[in-house]
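**Q** Kindly generate the corresponding structure for this input.
(4 chains)
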There are 2 protein chains.
Amino acid sequence: MYSKFFNLRTEKQERIINAAVYEFANKGFDNASTNEIVKAAGISKGLLFHYFNNKKDLYLFLYDYFLEVLMEKFNPKIDGDEKDFLKKCRDVTILKLDLIKIYPDMFNFLSNAHFEESVEIKDDLDKREKKMITESFSKLYSNIDYNLFAENIDIESALKIIMWTLEGFSNQQQQKIKGKSLINLNSEEIIPEMDKYLDTLRKTLYR
Amino acid sequence: MYSKFFNLRTEKQERIINAAVYEFANKGFDNASTNEIVKAAGISKGLLFHYFNNKKDLYLFLYDYFLEVLMEKFNPKIDGDEKDFLKKCRDVTILKLDLIKIYPDMFNFLSNAHFEESVEIKDDLDKREKKMITESFSKLYSNIDYNLFAENIDIESALKIIMWTLEGFSNQQQQKIKGKSLINLNSEEIIPEMDKYLDTLRKTLYR
DNA sequence: CACTCATTGACCAAATTAGTCAATAGTAAT
DNA sequence: ATTACTATTGACTAATTTGGTCAATGAGTG
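**A** Take a look at the predicted model:
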């Protein structure tokens, strides 16, 4: 199907993928411009339509591609037998920050796809069972050892507080490196900082 | 300056403001369409340019208008002599949720304006001293009684955890009512739910 | 040389853009 | 009823942008 595209040097593949996902993530399907994509990717107009025969196919290719990347990476972590919710979330966040280094707009793209309203792709997106993401989310919440939490606190609140803290932290990291080179997203600095927050959460929310 | 506009019935004013701020918030200055704005506001093309003589003026009008609204409402709360950070944040969040009821896209618009890249408005936006927002932010963090916090935890982490929790909570509320009528954002339901999270935070982070 | 595949960019009809302006509707005063 | 005034309309424009095509060229292989 897209074998022609995958025969390209990976550097060129990623230039195209990144250009396209950036445009779709920021403007949505209808307002995204294929002209902008080819300009950002540094390829000619004809070439884009040589690989993906129209705009819709390109969008759905990206959706399928990224969903697969996401599932492949995250499923082992959220399915695994880690019962410590804080540890589980830590693993997932590290994975997420690693992925952002490679595909900085992937998470935006996928979460926007969930709310995409363009009639041209709505049906195809629905067929692709967006619920997969929801299901994965619920897996994250399952198999948790609630006995680790302090006795006198509301578990539901605690879970949300942990999720929102890590979400806020990831967003802060993404903001920091916006515009800068992506290599600046340095795990050796980020993880200890993240652990500072996780330590506080562990000290206060766990027994 | 905009006296003609302010002589309109407030219902019509708000229809226009909401339509415009929605479009700018979602597409940025360059990609926002005045055609879409008039369509959404239910007015004719000519009328919009009768009140705001061009697209740039309309954008800057909205920026000034909303910044004033924001400062007027928030400054008393963040300047006040409340030393309890949790209470301070609670007040600010309630205010924020109230404002979202009236201008659902205001916060998006203002935070995007901060990163607006269009050459046509960049300079004027800079002149308007975006730092005001940053300053207000630092006021929120000042005059805090740190003795309220538990002894053995990292204060900086605690402050961020509180902010991120309330940010996550507000976003969750905004998601819930997306598409639905705005009246559904019901304070009588929301505030108790918010207090559930704040109680957990107070119990764990405070001494 | 011939054959194949990757790649280009000028080109197209259709749509959309910000902004204009002559015409009309509405209101109030005379 | 007439005048004067403003609010409001929407057809119109020139310029740009849209998704997509296609004949031509380049590059590599045998």
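**Q** touching chain B at all, the lowest-mean-pLDDT helix or strand in chain A?
**A** Using mean pLDDT, DSSP states H and E, helix A:131-141 stands out as the lowest-scoring helix or strand of chain A, at a mean of 85. No: judged by C-beta under 8 Å from any C-beta of the partner chain, helix A:131-141 and chain B are separated, with a smallest distance of 13.2 Å. Yep, even glycine has a C-beta here, placed from its N, CA and C like the rest.
**Q** I'd like to know which elements the helix or strand following that helix is packed against.
**A** Following helix A:131-141 in sequence order, the next helix or strand is helix A:155-177 (DSSP states H and E). Judged by 3 or more C-beta pairs under 8 Å, 6 or more residues apart in numbering or on different chains; DSSP states H and E, helix A:155-177 is in contact with helix A:85-102, helix A:187-205, helix B:155-176, helix B:187-205.
**Q** and those as a markdown table, adding mean neighbour count, mean pLDDT and distance to A:Phe74?
**A** Shown next, in a markdown table, are the helices and strands packed on helix A:155-177 (neighbours: other C-beta atoms under 10 Å in any protein chain shown; pLDDT from 0 to 100; distance: least, C-beta to C-beta, whole Å):
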| stretch | mean neighbour count | mean pLDDT | distance to A:Phe74 |
| --- | --- | --- | --- |
| helix A:85-102 | 18 | 95 | 6 |
| helix A:187-205 | 16 | 94 | 17 |
| helix B:155-176 | 18 | 95 | 20 |
| helix B:187-205 | 16 | 94 | 26 |
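**Q** related to what we said a few turns ago, packing partners of the least confident helix or strand of chain A?
**A** helix A:55-79, helix A:85-102.
**Q** again, 6 Å this time
**A** Of the remaining helices and strands, none touches helix A:131-141 by 3 or more C-beta pairs under 6 Å, 6 or more residues apart in numbering or on different chains; DSSP states H and E.
**Q** in it, what counts as buried?
**A** Going by neighbour count (16 or more other C-beta atoms under 10 Å in any protein chain shown), the buried part of helix A:131-141 is A:Ile133, A:Ser136, A:Lys139, A:Leu140.
**Q** Nearest to chain B among those?
**A** A:Ile133 (14.1 Å; C-beta to the nearest C-beta).
**Q** how close does that closest one get to B:Arg9?
**A** According to C-beta to C-beta, to the nearest Å, A:Ile133 and B:Arg9 sit 44 Å apart.
**Q** Let me know which of the helices and strands packed on helix A:155-177 is the nearest to DNA strand D.
**A** helix A:85-102 (25.2 Å; C-beta to the nearest atom of the strand).
**Q** How far off centre is the least confident helix or strand of chain A?
**A** 14 Å (C-alpha atoms, centre = their mean, to the nearest Å).
**Q** how far off helix A:155-177 does it point, in degrees?
**A** Computed by axes from the mean of the first three to the mean of the last three C-alpha atoms, to 10 degrees, the angle separating helix A:131-141 from helix A:155-177 equals 120 degrees.
**Q** What lies in contact with helix A:131-141?
**A** With contacts defined as C-beta atoms under 6 Å, 6 or more residues apart in numbering or on different chains, helix A:131-141 is touched by A:Ile78.
**Q** coming back round to it: as TSV, the helices and strands packed on helix A:155-177 with distance to DNA strand C would be great.
**A** TSV is the format used below for the helices and strands packed on helix A:155-177 (distance: least, C-beta to the nearest atom of the strand, whole Å):
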stretch	distance to DNA strand C
helix A:85-102	21
helix A:187-205	33
helix B:155-176	26
helix B:187-205	36
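**Q** Please consider this matter closed, and thank you.
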